[in-house]
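K.L.:
Structure for the following, please:
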Amino acid sequence: MSLALFGGSFDPPHRGHLQSAQELLAELHCEQLALLPAAHSPLKSGHFSHPHDRLKMLELALQECGDSRGQLTLDSRELHRSGRSYTIDTLREVRAEIGDRRPLYWVMGSDSASGLDQWKEWPRLLKYSHLVVIDRAEQPLACSSTIEAWLDSHRCYKLAQLQASPAGYVYHCRLSQLAVSSTTLREKIVNGAPLTGWLSKRVADYIETHSLYR
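P.N.:
The predicted structure follows:
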């Protein structure tokens, strides 16, 4: 039973996040995908809403996921951990919980993969999980030669090979992308622009009720 971890700020969570999560379930043929909000990313100056609000918005967003709702879950461990949110620490924790044999995938965008050499203990990530890189046409992989060589040396082209191992491979996939970002949505909220189609109604109502991103 494979598990995928989809980390991010989710500030706010939008339909693009949920669409990607649902497509990843189908692409990877995994039984469970956990959305994992970061408390304090080492590569970002901070977040625009409180961790409690981001977690609540994700809970509300998942209520509108239809048939895949049972396969999509929340993992709030990084919100309850003090200090910075390091992926390597999370992967060590999760691997200790699920055992050595279960396939584990860490999902990242090509923009994050491009800066992988800034991550804590990045060469050890594959000891605990596979890395699934979402290739984005608008943000092609642009990494150092060291990272490019490392990714290529561990690249897996066949899903069956990926599924047969608990960790150790890099797998690239291409998903359909909605033209939306959390940054753009925060700007729309500040300017009072309509959010129809970008956020679930429950999330939009929560933002309005709690005057977030004003």
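
K.L.:
make it CA atoms for all contacts and neighbour counts henceforth
P.N.:
Fine.

K.L.:
This protein: strands as residue ranges?
P.N.:
For the chain, the strands defined by DSSP state E occupy 3-8, 32-37, 72-74, 104-109, 130-134, 170-173.

K.L.:
Pull the distance from the last one to the chain's centre.
P.N.:
To tie it back to what came earlier, the one meant is strand 170-173. Offset of strand 170-173 from its chain centre (C-alpha atoms, centre = their mean, to the nearest Å): 14 Å.

K.L.:
Please point out which parts of it sit buried.
P.N.:
170-172 (16 or more other C-alpha atoms under 10 Å).

K.L.:
Let me know the pLDDT of Thr183.
P.N.:
On the pLDDT scale, Thr183 is placed at 88.

K.L.:
can you check Asp111 too?
P.N.:
If you check Asp111, the pLDDT there is 87.

K.L.:
follow-up on the earlier one: could you dump the buried residues of strand 170-173 into a markdown table with distance to Tyr157 and pLDDT added?
P.N.:
As requested, these are exported to a markdown table (distance: C-alpha to C-alpha, whole Å; pLDDT from 0 to 100):
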| residue | distance to Tyr157 | pLDDT |
| --- | --- | --- |
| Val170 | 9 | 98 |
| Tyr171 | 7 | 97 |
| His172 | 8 | 95 |
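
K.L.:
Trp122 touches Tyr86, doesn't it?
P.N.:
No - the pair Trp122 / Tyr86 is not scored as a contact, 10.1 Å apart, by C-alpha atoms under 8 Å.

K.L.:
These two: which has the busier surroundings?
P.N.:
A count of neighbours by other C-alpha atoms under 10 Å puts Tyr86 above the other of Trp122 and Tyr86, at 18 against 13.

K.L.:
Next, format the strands of the chain as JSON lines and append distance to Leu141.
P.N.:
What follows is the strands of the chain, written out as JSON lines (distance: least, C-alpha to C-alpha, whole Å):
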{"stretch": "strand 3-8", "distance to Leu141": "18"}
{"stretch": "strand 32-37", "distance to Leu141": "23"}
{"stretch": "strand 72-74", "distance to Leu141": "27"}
{"stretch": "strand 104-109", "distance to Leu141": "9"}
{"stretch": "strand 130-134", "distance to Leu141": "9"}
{"stretch": "strand 170-173", "distance to Leu141": "11"}
